[in-house]
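please work out how this folds:
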Amino acid sequence: MAADVPARPSLRERKKAKTRAAIRRAAYRLAAEGGWESATTDRIAAAAEVSPSTVARYFPVREDILLTGEDDALLEARLRARPAGEDPLESLRAVLLDAVRTALAEEPEETGLRARLMVEIPAVRARLTDTTAETGRRLARALADRTGRAPDALEVRVFTAAVLGALRETAAHWAEHGRADDLVALLDRALDTLRGGPALPAPP
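You can find the predicted model right below:
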């Protein structure tokens, strides 16, 4: 069956998306030039040519400007579109690897800066915990529907949190090691760890 063709966003939605993108670009540019503390709401607003109240309306928590990238609704939709009988870990692997590839292709500098600031700035790291929890709830709903469990079932919650934890720790590892390795390959490797744990050392 052919997938439904998504409706074209309205003019209002396109304007909102354009404003959000301008705010994000300004914030990343200021953070890259002078650090996150220098990227105040007022300076971001001036660089994006909007009012400070507009920045606050789109991003009530300033750190969300850095952390709002891949849309949670889109991740959920992509997870729901995976084959019904596919292993849950493989479904999430496909969705997350695709999201990371897209981020690296479309916003390589922003992706690297976001990972670095997540490691360096406690407020960014703390906010990431909150936003990851919301992402987890959406993905848990999709997994629950696929597996016939309740969204708040312990197994669903633990599994989803573990996968998103792997994504977070992979990004931190990547940033801490100078972003020299392939982030997609690192995430793929991290997700393998969830299936069997760290490999035991070879006997002497």
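
show me the shaky parts of the chain.
Low-confidence segments of the chain, defined by pLDDT under 70, span residues 1-9, 68-70, 199-200, 202.

in it, which helix has the most residues?
Criterion DSSP state H: the longest helix present in the chain is helix 122-147.

got the buried residues for that helix?
Of the residues in helix 122-147, those buried under the neighbour-count criterion (16 or more other Cβ atoms under 10 Å) are 124, 127-128, 131-132, 135-136, 138-144, 146. All C-beta atoms are positioned from the backbone trio N, CA, C, and that covers glycine.

against which helices or strands is the helix or strand hosting Leu30 packed?
Secondary structure here is read from DSSP states H and E; on that basis Leu30 sits in helix 11-34. Using 3 or more Cβ pairs under 8 Å, 6 or more residues apart in numbering; DSSP states H and E as the contact criterion, the neighbours of helix 11-34 among helices and strands are helix 41-48, helix 52-58, helix 64-67, helix 108-120.

identify the residues contacting the last one?
Read that as helix 108-120. Defining contact as Cβ atoms under 8 Å, 6 or more residues apart in numbering, one finds that helix 108-120 is touched by 24, 28, 31-32, 36, 66-67, 69, 103-104, 124-125, 128, 168, 171-172, 174-176, 179, 183.

buried among the residues you listed? Need that as a selection in ChimeraX.
Selecting the buried subset of these in ChimeraX, with 16+ other Cβ under 10 Å as the burial test, is done by:
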select :24,28,31,32,36,66,67,103,124,128,168,171,172,174,175,179,183
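
ok so, going back, now tell me what touches the helix holding Leu30 from outside.
Outside of helix 11-34, the residues that reach it under the criterion Cβ under 8 Å, 6+ apart are 9, 38-39, 43-45, 47-50, 54-55, 58-59, 65-66, 68, 109-110, 113, 117.

mark which of those residues are buried, thanks.
Burial by neighbour count, 16+ other Cβ under 10 Å: within the contacts of helix 11-34 this picks out 39, 43-45, 47-48, 50, 54-55, 58-59, 65-66, 68, 110, 113, 117.

ok, Arg125 to Arg20 distance?
Counting by Cβ to Cβ, to the nearest Å, the gap from Arg125 to Arg20 is 22 Å.

hang on, I meant Trp36
In this structure, Trp36 and Arg20 are separated by 19 Å, where distance is defined by Cβ to Cβ.

quickly list the domain ranges of this structure.
What automatic domain parsing lists as the domains of the chain is 12-61, 69-196.
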